[in-house]
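A.B. asks: Prediction below, plus the sequence it came from.
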Amino acid sequence: MSTTKTIRAFEATATRDGRWWFIEIPELNTVGQARTVKEIPEIAREIAALWLNVDPSEVEVNVDVRVPGDAGDLWSTANAKETEAREAVKEAARLRREAVRNLTAQGISQSDTGRILGLSTQRISQPTHS
């Protein structure tokens with residue numbers, strides 16, 4: 001006879017208020033608190049287990065830790081800027097490849113193309129140059 005535990009899953013949020021992280025599990029209409037981010041997952045699981053009167057191993061809580069204050073906006077903006085920069089670098093590399101193809105299509109040798117663009121002949125010969 002096999003006994004398998006049913007694991008119930010919940011979503012929670014953790015927000016900073018003063019020196020504490022408040023953990024809210026809306027589905028259970030309950031909250032708890034932790035001192036550190038490291039403690040949040042374990043405490044969230046304990047809160048749910050206590051509320052349901054089950055062993056903590058029978059619950060799983062996915063916690064969305066909200067970045068406090070302006071730091072969240074700054075972090076999001078930085079990520080967006082980094083994504084834009086990566087796209088700009090890809091576009092620059094594409095344009096460079098196109099410039100090399102354009103010159104060589106005009107019958108300009110790879111050696112001369114390299115001299116014109118300030119690249120080595122080896123670099124001009126590479127399939128992707130940036």
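C.D. replies: Structure received.
A.B. asks: Identify the residues contacting the residue nearest to residue 37 when sequence neighbours are not counted.
C.D. replies: Nearest residue to residue 37, sequence neighbours excluded (CB to CB, 6 or more residues apart in numbering): residue 65, at 6.1 Å. No exception for glycine: its C-beta is placed from N, CA and C like everyone else's. Residue 65 sits next to 13, 14, 21, 37, 40 when contact means CB atoms under 8 Å, 6 or more residues apart in numbering.
A.B. asks: go again using 7 Å as the cut-off
C.D. replies: 14, 37, 40 (CB atoms under 7 Å, 6 or more residues apart in numbering).
A.B. asks: next one: residue 15
C.D. replies: Here residue 15 is in contact with 22, 66 (criterion: CB under 7 Å, 6+ apart).
A.B. asks: Quick check: next helix or strand after the helix or strand harbouring it?
C.D. replies: Take DSSP states H and E as the rule and residue 15 turns out to sit in strand 8-17. Next in sequence after strand 8-17, counting helices and strands by DSSP H and E, comes strand 20-25.
A.B. asks: Who are the packing partners of the strand or helix carrying residue 101?
C.D. replies: For residue 101, the element it lies in under DSSP H and E is helix 71-105. Applying 3 or more CB pairs under 7 Å, 6 or more residues apart in numbering; DSSP states H and E, one finds that helix 71-105 makes contact with helix 110-117.
A.B. asks: Next, the angle from the helix it packs on to helix 71-105.
C.D. replies: Going by axes from the mean of the first three to the mean of the last three CA atoms, to 10 degrees, helix 110-117 is angled at 130 degrees with respect to helix 71-105.
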